[in-house]
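Engineer: I would like the atomic coordinates for the input below:
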Amino acid sequence: MAHEFEGEHYRICIDAHVTSKDALFSRVTDTAYLGYSSFTGWDAFMDMFHSRLSNSVIQIEIENRDLCGLPERDRSTWVEVLDELKDEFPDKIRLVQSNG
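Structural biologist: Sure, this is the predicted structure:
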């Protein structure tokens, strides 16, 4: 018998329409209500994301459907951020496969 998760649950899809780190930050925060609307860079975004995961009963599914719109450097940084968060919060962050 499956146990129903009691907490916040979000699914974030990153697609080719996300063409900058600012658009990525907005997609994540707008979807998962992480509490901030603008950042000065990756460090502030990572701090916010880490804090939200640490202090919340939350599960976030992230579907990296198409990262081709992001500049290479931001794409690499995004993947690194996700790897770090998945390692630290394996029950709260999950990467899902695209259905498309």
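Engineer: does residue 63 count as helix, strand or coil?
Structural biologist: Following DSSP: H, G, I helix; E, B strand; the rest coil, residue 63 is assigned to strand.
Engineer: Quick check, it in contact with residue 14.
Structural biologist: Yes: using Cβ atoms under 8 Å, residue 63 is in contact with residue 14, at 6.9 Å. No exception for glycine: its C-beta is placed from N, CA and C like everyone else's.
Engineer: which of these two has more neighbours?
Structural biologist: residue 14 (23 against 17; other Cβ atoms under 10 Å).
Engineer: Select the longest helix from this protein.
Structural biologist: helix 72-88 (DSSP state H).
Engineer: buried stuff in that one?
Structural biologist: Residues of helix 72-88 classed as buried by neighbour count (16 or more other Cβ atoms under 10 Å): 74-75, 77-78, 81-82, 85.
Engineer: Pull the residues that contact it.
Structural biologist: 14, 20-21, 24, 42, 45-46, 49-50, 53, 62, 64, 67, 70, 92-95 (Cβ atoms under 8 Å, 6 or more residues apart in numbering).
Engineer: still on that earlier bit, among the buried residues of helix 72-88, find me the one that's closest to residue 9.
Structural biologist: residue 85 (16.0 Å; Cβ to Cβ).
Engineer: Distance-wise, check that closest one relative to residue 96.
Structural biologist: From residue 85 across to residue 96, the span is 15 Å (Cβ to Cβ, to the nearest Å).
Engineer: ok, now residue 6?
Structural biologist: 21 Å.
Engineer: quick one: which of these two has more around it?
Structural biologist: Between residue 6 and residue 96, residue 96 has the larger neighbour count (other Cβ under 10 Å), namely 13 against 7.
Engineer: Show the pLDDT at the more buried one.
Structural biologist: On the pLDDT scale, residue 96 is placed at 91.
Engineer: so where is the chain shaky, pLDDT-wise?
Structural biologist: Judged by pLDDT under 70, the chain has its weakly predicted residues at 1-5, 35-37, 98-100.
Engineer: Do a quick rundown of the helices in it.
Structural biologist: Taking DSSP H to define them, one finds helices in the chain at 21-32, 42-55, 72-88.
Engineer: Check the offset of the longest one from the chain's centre.
Structural biologist: By that I understand helix 72-88. Its chain's average C-alpha position is 9 Å from that of helix 72-88, according to Cα atoms, centre = their mean, to the nearest Å.
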